[in-house]
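Enquirer: model this:
(one chain, ligands or ions: 1)
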Amino acid sequence: MFRLLSTVALLGGFASVYGQQAKDFVEPCGHTAVIEHLEKKYPGFKNSYDRRYIETIKKGQGIQKRKKQIRDTTYFYDSVFTVPVVFHILYNNSYENVEDSLIFNQVEVLNEDFRKMNADTVNIRQIFKPRAGDAKIKFVLAEKDPNGNPTNGINRVPTTVASWGSNGVNNNMKYTARGGVDAWDPRKYINVWICDLTLNGQDRVLGFAYPPFGHPFWQSNVFVSDPEQGVVIHYKCIGRNNRRANTSVLLASNKGRVATHEFGHYFGLRHIWADDQFSANRCLLDDYIEDTPLQGTGSNFTCQKTRNTCVEANDAPDMVENYMDYSTHECQTMFTKGQTDVMYDALRTFRRDIIATAEVEVTTRVFDTVIYDQVLIFPRPSESVIVVELTKEVLESTVNFSVYNSLGQKVIKEQELTSNETYFDSRKLSPGHYVGVLKNNNQEIKKTVRFIID
Ligand SMILES: [Zn+2]
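Expert: Modelled structure (predicted):
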């Protein structure tokens, strides 16, 4: 597994995306700065990082092994988790002290994008429409602060620090002692720091975030400890239609989707092109997500629907619609089902403390909360079975189990469960998404669980 503690903070990906470091260059996400910093501190870092990664993949283990790790811990409940967010606004002057309205519309954007409720899903190309996913994660402004006092989830903190931009790692905004503001317990809140990320007057980095500690899509040296967990957003890019986003690149990033992208990282997602733009074969690495097409480089603030940087089997063009690309916000309209599954799983496994305090909305009718808590359904690919685990209490009533495919067709006929652990043969199920359904004697649905066979 992973080492418990790493002192090296890294946002993932390889070297600078565009290398040239042009003065007016803007990176939507802060990879460049962090990796350049590491290279300075540990000369040769970029090379070895790149090489190690490719070697792993070449051995044919990398992706499969990581996917298996995820799958082995993957079982899904049809519930929407509502998680509290606190926005720390660190301001050096009134212009940086962004309005409440921007925070409110930022939460709206996050909720629309994560729940696939954004109006611009109509712009998704036909080929990708069936792949768009709902992460079933909902965000609300925190209502109680760490001391249990009421709050509106917006924490305004004046600072004497004029800018937090840096060519290297800079997590200073996350520490009161360094002029920033300490995180609220990162196991209970998602912390968002809004601050000035300009460097020498240039808007260089629009935001950054770290993946969950231990997530298998990432190398252990990207993990950071609790006080630094969270999302940082440049104050000019917070919310939708921020009046401070007044230059071309910022205007192209003015639909509140810097946060959508960074929250994607926070829940474990990698960039859609796998950050391998500097390797000899840019199409070698995958983002470990099966329903995103291979992509060679990020879409540098463009929206080219003809873009196709990797030609693969059953070829699809680059998914410029994806929030984890570097396309314009106008262009970005979706996470894929694979991505939303991974994020949902990351919340339930790696960030489970947050959902321990979250409100759980069960979207399927569940008549008995005891049953909800005491049933597990999950595929075990190594044995080609679907496992249904029940507690003794549940078995005291009649419980039937069946499985439907994504078209709603029953693929495993109803069968009464009579044991604490029942195995169903999954060899006949072709790769795809399925729903396991538990019903009682009266044909009432007690529980549904989505799972993937691949
Ligand atoms: Zn990013």
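Enquirer: Measure how buried residue 389 is and give me the count.
Expert: Using other C-beta atoms under 10 Å, residue 389 has 16 other residues around it. (Each C-beta comes from the backbone N, C-alpha and C, glycine too.)
Enquirer: Kindly provide the distance from the residue nearest to it when sequence neighbours are not counted to residue 410.
Expert: Using C-beta to C-beta, 6 or more residues apart in numbering and skipping the chain neighbours, the partner closest in space to residue 389 is residue 376 (4.3 Å). Distance, residue 376 to residue 410, by C-beta to C-beta, to the nearest Å: 21 Å.
Enquirer: So the residue nearest to residue 389: helix, strand or coil?
Expert: At residue 376 the chain is in strand, as set by DSSP: H, G, I helix; E, B strand; the rest coil.
Enquirer: Pretty sure it sits against residue 387.
Expert: Yes. If you go by C-beta atoms under 8 Å, residue 376 and residue 387 touch, sitting 7.5 Å apart.
Enquirer: The top strand by length along the chain pairs with which strands?
Expert: Longest strand in the chain by number of residues (criterion: DSSP state E): strand 79-91. Next to strand 79-91 in the sheet, as set by DSSP bridges, lie strand 137-141 (parallel), strand 154-158 (parallel), strand 190-195 (parallel), strand 359-362 (antiparallel).
Enquirer: give me the number of residues near residue 249?
Expert: By other C-beta under 10 Å, 18 other residues sit near residue 249.
Enquirer: In a strand, it, correct?
Expert: No. The assignment for residue 249 by three-state DSSP gives helix, which leaves it out of any strand.
Enquirer: if we can go back for a sec, tell me which of residue 376 and residue 410 has more neighbours.
Expert: residue 376 (15 against 11).
Enquirer: distance of the residue nearest to residue 389 from residue 386?
Expert: As for residue 376, its distance to residue 386 is 11 Å (criterion: C-beta to C-beta).
Enquirer: Model confidence score at residue 78, please.
Expert: For residue 78, the pLDDT comes out at 59.
Enquirer: wait, residue 244
Expert: pLDDT, residue 244: 97.
Enquirer: May I have the phi/psi pair for the residue nearest to it when sequence neighbours are not counted?
Expert: Nearest residue to residue 244, sequence neighbours excluded (C-beta to C-beta, 6+ apart): residue 236, at 4.1 Å. In terms of degrees, to the nearest 10, the main-chain angles of residue 236 are phi -80, psi -10.
Enquirer: contacting residues around residue 236?
Expert: Residue 236 makes contact with 203, 206, 242, 244-245, 250, according to C-beta atoms under 8 Å, 6 or more residues apart in numbering.
Enquirer: Export those as a markdown table, with columns for distance to residue 315.
Expert: Below are the contacts of residue 236 laid out as a markdown table (distance: C-beta to C-beta, whole Å):
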| residue | distance to residue 315 |
| --- | --- |
| 203 | 36 |
| 206 | 31 |
| 242 | 38 |
| 244 | 40 |
| 245 | 35 |
| 250 | 34 |
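Enquirer: out of those, who's nearest residue 280?
Expert: Using C-beta to C-beta, residue 206 comes nearest to residue 280 of these, at 29.3 Å.
Enquirer: Return the distance of the longest strand of the chain from the chain's centre.
Expert: 14 Å (C-alpha atoms, centre = their mean, to the nearest Å).
Enquirer: Please identify the deepest-packed of the strands paired with strand 79-91.
Expert: Sort the strands paired with strand 79-91 by mean neighbour count, taking mean count of other C-beta atoms under 10 Å, and strand 190-195 sits at the top with a mean of 27.
Enquirer: same question for the next helix or strand after that one, mean pLDDT?
Expert: Sequence order places strand 207-209 as the next helix or strand after strand 190-195, per DSSP states H and E. Averaging pLDDT along strand 207-209 gives 94.
Enquirer: Which other helices and strands does strand 207-209 contact?
Expert: Under the contact definition 3 or more C-beta pairs under 8 Å, 6 or more residues apart in numbering; DSSP states H and E, strand 207-209 sits against strand 231-234, helix 257-266.
Enquirer: what residues are up against residue 435?
Expert: Residues near residue 435 by C-beta under 8 Å, 6+ apart: 403-404, 406, 448-451.
Enquirer: Most neighbours among those, which one?
Expert: Ranked by neighbour count (other C-beta under 10 Å), those have residue 403 at the top, with 24 neighbours.
Enquirer: which ones are touching the residue lying closest to that one once chain neighbours are set aside?
Expert: Spatial nearest neighbour of residue 403, chain neighbours left out: residue 412 (3.8 Å); criterion: C-beta to C-beta, 6+ apart. For residue 412, the contact set (C-beta under 8 Å, 6+ apart) comprises 386, 401-403, 424, 429.
Enquirer: I'd like the distance between residue 412 and residue 337.
Expert: 21 Å.
Enquirer: Kindly report the same for residue 247.
Expert: Distance of residue 247 to residue 337, given as C-beta to C-beta: 35 Å.
Enquirer: who has more neighbours, those two?
Expert: The neighbour count for residue 247 versus residue 337, taken as other C-beta under 10 Å, is higher for residue 337 (22 against 12).
Enquirer: Surely the more buried one touches residue 133?
Expert: Yes. If you go by C-beta under 8 Å, residue 337 and residue 133 touch, sitting 3.6 Å apart.
Enquirer: about what we covered before: closest to residue 322 out of the strands paired with strand 79-91?
Expert: Comparison of the strands paired with strand 79-91 against residue 322 by C-beta to C-beta identifies strand 137-141 as nearest, at 17.2 Å.
Enquirer: Strands of the stretch 251-400 of the chain, residue ranges please.
Expert: In the stretch 251-400 of the chain, the strands defined using DSSP state E, counting those that start in this stretch lie at 359-362, 375-380, 385-390, 400-405.
Enquirer: which one of the ones you listed lies closest to residue 128?
Expert: Each of the strands of the stretch 251-400 of the chain has some distance to residue 128 by C-beta to C-beta; the shortest is strand 400-405, at 20.5 Å.
Enquirer: Next, the angle strand 400-405 makes with the helix or strand following the closest one.
Expert: Toward the C-terminus, strand 400-405 is succeeded by strand 410-416 as the next helix or strand (DSSP H and E). Going by axes from the mean of the first three to the mean of the last three C-alpha atoms, to 10 degrees, strand 410-416 is angled at 180 degrees with respect to strand 400-405.
Enquirer: partners of strand 410-416, with directions?
Expert: Strand pairing for strand 410-416, determined by DSSP bridges: strand 400-405 (antiparallel).
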